[in-house]
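In: Next come a sequence and a model predicted from it.
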Amino acid sequence: MSKARINQQYKVVGMCENIDIKTKTRLLELGFFSGEEVKIIAKSIKGGVLLIEIRGSVLTIRVNEASCVIVQ
């Protein structure tokens, strides 16, 4: 997901296999379940943070965490 385009709608299809349990738990708490619609609103200038809309909420997430989410 870290390579996703701004203002594009994506569907979460899973998470990478080598994700640690702490990161996976955080992503699940934020709503990153299979089938959820996700929209990338903006990226930080240095590229370390993404602004994302999911389940009607707007949140920020680090790119290293976002790279564990698989979208299509």
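Out: Done, it's in. This one's a predicted model, so the numbers in the text were calculated from it and none came from an experiment. Numbers count the residues shown, from 1 in each chain.

In: tell me the contacts of residue 23?
Out: Counting by CB atoms under 8 Å, 6 or more residues apart in numbering, residue 23 makes contact with 65, 68. Every residue, glycine included, has its C-beta placed from N, CA and C.

In: let's see 10 Å
Out: Counting by CB atoms under 10 Å, 6 or more residues apart in numbering, residue 23 makes contact with 15, 16, 62, 64, 65, 67, 68, 69.

In: Among these, which lie within helices?
Out: 64, 65 (DSSP state H).

In: is it possible to export the contacts of residue 23 to JSON lines including pLDDT and distance to residue 53?
Out: Shown next, in JSON lines, are the contacts of residue 23 (pLDDT from 0 to 100; distance: CB to CB, whole Å):
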{"residue": "15", "pLDDT": "95", "distance to residue 53": "19"}
{"residue": "16", "pLDDT": "93", "distance to residue 53": "22"}
{"residue": "62", "pLDDT": "93", "distance to residue 53": "17"}
{"residue": "64", "pLDDT": "90", "distance to residue 53": "20"}
{"residue": "65", "pLDDT": "92", "distance to residue 53": "16"}
{"residue": "67", "pLDDT": "91", "distance to residue 53": "18"}
{"residue": "68", "pLDDT": "92", "distance to residue 53": "19"}
{"residue": "69", "pLDDT": "95", "distance to residue 53": "14"}
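
In: all strands in the chain, in order from the N-terminus.
Out: With strands called from DSSP state E, the chain shows them at 9-15, 37-43, 49-54, 57-62, 69-71.

In: Can you tell me which of those strands is packed in deepest?
Out: strand 69-71 (a mean of 20; mean count of other CB atoms under 10 Å).

In: Which residues does that one contact?
Out: When contacts are defined by CB under 10 Å, 6+ apart, strand 69-71 is touched by residues 1-4, 8-17, 19, 23, 27, 30, 32, 34, 36-38, 40, 52, 54, 61.

In: tell me which residues of the longest helix seen in the chain are tucked away?
Out: For the chain, the longest helix by residue count, based on DSSP H, is helix 21-30. Buried residues in helix 21-30, counted by 16 or more other CB atoms under 10 Å: 23, 27, 30.
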